[in-house]
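Enquirer: Quick one: sequence and predicted model below, then my questions.
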Number of protein chains: 2
Amino acid sequence: MTTPTAGARPDEVRRHNRTALLRRLHVDGPSTRASLAAELGLNRSTIKALVDGLAESGVVAERVPAQRSGAGRPSLLVLPQPHAAVVMAIDVRVEQVAMAMVGLGGDILGRDSWNLHHRSRDPGEVITHVADSAKLLADELDVRAVGVGVSVPGVVRRADGLVHEAPNLHWTDVALGQRLSSVLKVPVQVGNDAELGALAEHVRGAARASSDMVYISADVGIGGGVISNGQPLRGTGGYVGELGHMVVRPGGRRCYCGCQGCWETEVGEAALCRALSLPEDSPRGTVVAELRSLAGSPDSVAHRLGEFTEWLAMGLVTVVNMLGPELVVLGDLFTALPESMVEQLRRTVQKRSLVSRAVGGTRIVSSPLGRDAKLIGAAELAFEPVLGEV
Amino acid sequence: MTTPTAGARPDEVRRHNRTALLRRLHVDGPSTRASLAAELGLNRSTIKALVDGLAESGVVAERVPAQRSGAGRPSLLVLPQPHAAVVMAIDVRVEQVAMAMVGLGGDILGRDSWNLHHRSRDPGEVITHVADSAKLLADELDVRAVGVGVSVPGVVRRADGLVHEAPNLHWTDVALGQRLSSVLKVPVQVGNDAELGALAEHVRGAARASSDMVYISADVGIGGGVISNGQPLRGTGGYVGELGHMVVRPGGRRCYCGCQGCWETEVGEAALCRALSLPEDSPRGTVVAELRSLAGSPDSVAHRLGEFTEWLAMGLVTVVNMLGPELVVLGDLFTALPESMVEQLRRTVQKRSLVSRAVGGTRIVSSPLGRDAKLIGAAELAFEPVLGEV
């Protein structure tokens, strides 16, 4: 229960409105003063004062809109200025680290990435490489990041960015947030990869209009990020839940987590390789190519991936029944699944989930952000505290 | 993402503070003005004005505290007056309907209940009986309920109290909220029983200090209510998720929902009866007595209920991994489980759940509110809109 406590003072109100205005421009892009006033429920003079202040400090620019609607003086178009606030996004994956500098408004201003091999996965090595790349990228683009967001495939404590366990990276209790911020000298936010995928889809992807959605992340492991009633769902102490470790197949394959037959064990990348008769450690490109080769033949998909599809559907039914989302976004590797398989998943969920039936059908779609989802989510994580400070 | 919009006006601030004060007194009981000021972050003159106003309209009373601490003039104790706002709580169960009149502060002022048999489960019959009992109870206690909360074991749309599906009652698309409010002439809120159990434990039971908890309801069916970050977790359109319909045992018993081997099918009341070698439709008293008879002999519990315990634990591991609660409260029928079994559940969850290990161990306890949990939750549901209006 939220207990409302005290009232708001005028300077708090002003700051609150300024942050709301900036967030609106950052998320939805350029807008006229008139639309901003209507959407934020503020009067025109308040909007004018806020926009004037932001324009003076170079955070927004104003221009006459190209298309005029109606007669009279046109309402000026307010544009966020990308260089006014730049954050750095880092996506630590099992096989690769990707980085990007992202400006206010969400544009990616520049990128870098490198592959990870067994030895280079050491947290110290990753941090050093990140610091070097950050400097090069900042110099090249002539920007300075005011915040950093990091996506990690593991159990993360949000308060201080402690990576409690990232099993596929072989990381345990890595103080990633603290270590990175002491090297980079800016605030660092660390989040679970699936949670950040969900955030990205909610802010800039398939789930912009959905306040109850689940993002399924499928890299080496399986994870889930949940937006519930418009807010990220987090567990105790900032630990997010781990959808990949629901047991779908009792007595199934042993998982490092202590269970047998976890969803991750049954539908993760290794399981997909087995189903496709590929070696478990096949390169991602090979797996995706094999999936693409099946795209035109639903019968082959049903024949070769029927059991895999069943385990994937079983987990989806439980996810939908437990969390009641209106939308499930299949991310990462699952964006390469043949459409006939996704169609089969939709049918099975509709048939077996009483919650899906109750809400009039849960939509299941492939992530439009694809491989960038976690990077975009990490940038949004970094922007959250920044928008109040610009 | 919540977008803060406009600022607060003085009358809104005052109303906001008044509601916060009333909620504090309603939930935590009598308190001194000094403590109220400290806890709500308001200054003494604001508290004085609010309390004076409430006292004048008879919503609170003030008295000198019995125990004085320190020298000087004692801070007056502010007490909520139960009759100042009374709500009616209704708990529709599969075998019984229970009703209570609950006063401001949470005291149960009076009760009624009756058994349901096959024919009397018809929604129209239930509504008529509720209306008759409500009148008798109100006359007897000389109170008038200003709001009604109803707990139903099914998929409920919160906005209008539509019971989409309450399978064990054989209800489908019953406009319970609308029908009851047109008969009772007061606002009616309808909630899922497990969600209301969670609310009750959070406000007045085992989870008062927990902002991330799961309540497991075990009546004929199994349900789950979730509090996440201090707020009830709800799915799309107000439909809550259905923990009872996660598939724990693929290929297990067929469930009415369209799946096989749902948690409900494997650990619901009928499954417990089977495990205890009792007929599936044994009266609740017989089941509880049989469980109690095992209390002193952990070996018998392990022998007779070992497999049942395993399925119960399997579901709990998934619940903990997906939702990351710090506390799981076992409600209803599960409050009768032998302590040795609960201890076994704790060990298994600790051993197999990586999220439980990450958060330093998820506590698992029996509901202290027992059979009253849903009634108390229904009352709190009814109080939510009322506290701003008293």
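Expert: Here it is on my side, so go on. Remember, predicted model here, so these are calculated numbers, not experimental data.
Enquirer: hang on, residue A:280 in a helix?
Expert: No. Counting by DSSP: H, G, I helix; E, B strand; the rest coil, residue A:280 is not found in a helix; it is coil.
Enquirer: So which bits of stretch A:136-155 are buried?
Expert: A:137-138, A:143, A:145-155 (16 or more other CB atoms under 10 Å in any protein chain shown). All C-beta atoms are positioned from the backbone trio N, CA, C, and that covers glycine.
Enquirer: what's the span of that stretch, first residue to last?
Expert: One end of stretch A:136-155 sits 30 Å from the other (CA to CA, to the nearest Å).
Enquirer: got the angle between the helix ranked longest in chain A and helix B:298-323?
Expert: Looking across chain A with DSSP state H, the single longest helix is helix A:298-323. If you take axes from the mean of the first three to the mean of the last three CA atoms, to 10 degrees, helix A:298-323 sits at 110 degrees to helix B:298-323.
Enquirer: all helices of the stretch 151-300 of chain A, in order?
Expert: Using DSSP state H, counting those that start in this stretch, the helices of the stretch 151-300 of chain A run over A:176-184, A:193-204, A:263-267, A:269-275, A:284-293, A:298-323.
Enquirer: Contacts for the shortest one next, please.
Expert: Right, the one you point to is helix A:263-267. Residues from elsewhere that reach helix A:263-267, judged by CB atoms under 8 Å, 6 or more residues apart in numbering or on different chains: A:218, A:221-222, A:243-249, A:252-255, A:271, A:308, A:311-312, A:315.
Enquirer: which other helices and strands contact the strand or helix carrying residue A:50?
Expert: For residue A:50, the element it lies in under DSSP states H and E is helix A:44-56. On a contact count with 3 or more CB pairs under 8 Å, 6 or more residues apart in numbering or on different chains; DSSP states H and E, helix A:44-56 meets helix A:10-28, helix A:33-40, strand A:60-63.
Enquirer: Worst mean pLDDT across the helices and strands of chain A, which element?
Expert: One helix or strand of chain A scores below all others by mean pLDDT, DSSP states H and E: helix A:354-358, with a mean of 83.
Enquirer: I'd like to know which elements that helix is packed against.
Expert: The contact analysis (3+ CB pairs under 8 Å, 6+ apart) places helix A:354-358 against helix A:298-323, helix A:339-352, strand B:155-157, strand B:162-166.
Enquirer: deepest of those, which one?
Expert: For those, the largest average neighbour count (mean count of other CB atoms under 10 Å in any protein chain shown) is found in strand B:155-157, namely a mean of 26.
Enquirer: That strand pairs with which strands, and in what direction?
Expert: strand B:162-166 (antiparallel) (DSSP bridges).
Enquirer: Other residues contacting stretch A:310-321?
Expert: Here stretch A:310-321 makes contact (CB under 8 Å, 6+ apart) with A:214, A:216, A:224, A:243, A:246, A:248-249, A:263, A:266-267, A:271, A:325, A:328, A:344-345, A:348-349, A:352-356, A:362, A:364, B:241-243, B:245-247, B:250, B:257, B:259, B:318, B:322.
Enquirer: Extract the C-alpha set from that stretch and format it as CSV.
Expert: The C-alpha trace of stretch A:310-321 is given here as CSV (Å, rounded to 0.1, in the frame of the first residue of the first chain):
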residue,chain,number,x,y,z
GLU,A,310,5.6,-27.9,-27.0
TRP,A,311,8.0,-27.0,-24.2
LEU,A,312,8.2,-23.4,-25.3
ALA,A,313,4.4,-23.2,-25.4
MET,A,314,4.1,-24.9,-22.0
GLY,A,315,6.2,-22.2,-20.4
LEU,A,316,4.3,-19.5,-22.2
VAL,A,317,1.0,-20.8,-20.9
THR,A,318,2.3,-20.7,-17.3
VAL,A,319,3.8,-17.2,-17.8
VAL,A,320,0.5,-15.9,-19.2
ASN,A,321,-1.5,-17.6,-16.4
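Enquirer: and the residue positioned nearest the centre of chain A, what is it in contact with?
Expert: Nearest residue to the geometric centre of chain A (CA atoms, centre = their mean): residue A:197, 2.2 Å. Contacts for residue A:197 (CB under 8 Å, 6+ apart) come out as A:151, A:215, A:217, A:223, A:225, A:329, A:331-332, A:367, A:369, A:373-374, A:377.
Enquirer: Check residue A:301 too.
Expert: Residues near residue A:301 by CB under 8 Å, 6+ apart: A:294, A:309, A:338, A:340-341.
Enquirer: need these in JSON lines with pLDDT and distance to residue B:193, can you?
Expert: Formatted as JSON lines, the contacts of residue A:301 follow (pLDDT from 0 to 100; distance: CB to CB, whole Å):
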{"residue": "A:294", "pLDDT": "94", "distance to residue B:193": "45"}
{"residue": "A:309", "pLDDT": "97", "distance to residue B:193": "34"}
{"residue": "A:338", "pLDDT": "96", "distance to residue B:193": "41"}
{"residue": "A:340", "pLDDT": "96", "distance to residue B:193": "40"}
{"residue": "A:341", "pLDDT": "97", "distance to residue B:193": "37"}
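Enquirer: Could you export those to CSV, including columns for distance to residue B:51?
Expert: Converted to CSV, these look like this (distance: CB to CB, whole Å):
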residue, distance to residue B:51
A:294, 71
A:309, 63
A:338, 67
A:340, 67
A:341, 64
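Enquirer: and which of these is nearest chain B?
Expert: Distance to chain B across those (CB to the nearest CB) is lowest for residue A:309, with 13.6 Å.
Enquirer: got the contact list for that closest one?
Expert: Applying CB under 8 Å, 6+ apart to residue A:309 gives the contacts A:301-302, A:341, A:344-345, A:348.
Enquirer: Next up, the contacts around the residue lying closest to residue A:121 once chain neighbours are set aside.
Expert: With CB to CB, 6 or more residues apart in numbering or on different chains as the criterion, residue A:121 has its nearest non-adjacent residue at 5.5 Å, and that residue is residue A:169. Contact partners of residue A:169, counting by CB under 8 Å, 6+ apart, are A:92, A:94, A:121, A:152-154.
Enquirer: Likewise for residue A:356?
Expert: A:320-321, A:349-350, A:362.
Enquirer: any idea how far residue B:110 is from it?
Expert: From residue A:356 over to residue B:110 the distance is 41 Å, taken as CB to CB, to the nearest Å.
Enquirer: And for residue A:53?
Expert: Look at residue A:53 and residue B:110: by CB to CB, they are 59 Å apart.
Enquirer: Repeat that for residue A:362.
Expert: In this structure, residue A:362 and residue B:110 are 43 Å apart, going by CB to CB.
Enquirer: again, but for residue A:64
Expert: 69 Å.
Enquirer: can the contacts of residue A:356 go into a markdown table with extra columns for pLDDT?
Expert: Below are the contacts of residue A:356 laid out as a markdown table (pLDDT from 0 to 100):
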| residue | pLDDT |
| --- | --- |
| A:320 | 93 |
| A:321 | 90 |
| A:349 | 95 |
| A:350 | 94 |
| A:362 | 93 |
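Enquirer: what's the most distant pair in those?
Expert: The most widely separated members of these, counting by CB to CB, are A:321 and A:350 (12.4 Å).
Enquirer: In which helix or strand does residue A:388 reside?
Expert: Per DSSP H and E, there is no helix or strand for residue A:388.
Enquirer: Compute the first-to-last residue distance for stretch A:155-169.
Expert: Terminal residues of stretch A:155-169 are spaced 12 Å apart (CA to CA).
Enquirer: Kindly report the same for stretch A:37-47.
Expert: From its first residue to its last, stretch A:37-47 covers 6 Å (CA to CA).
Enquirer: Over to stretch A:96-112?
Expert: Using CA to CA, the two ends of stretch A:96-112 sit 11 Å apart.
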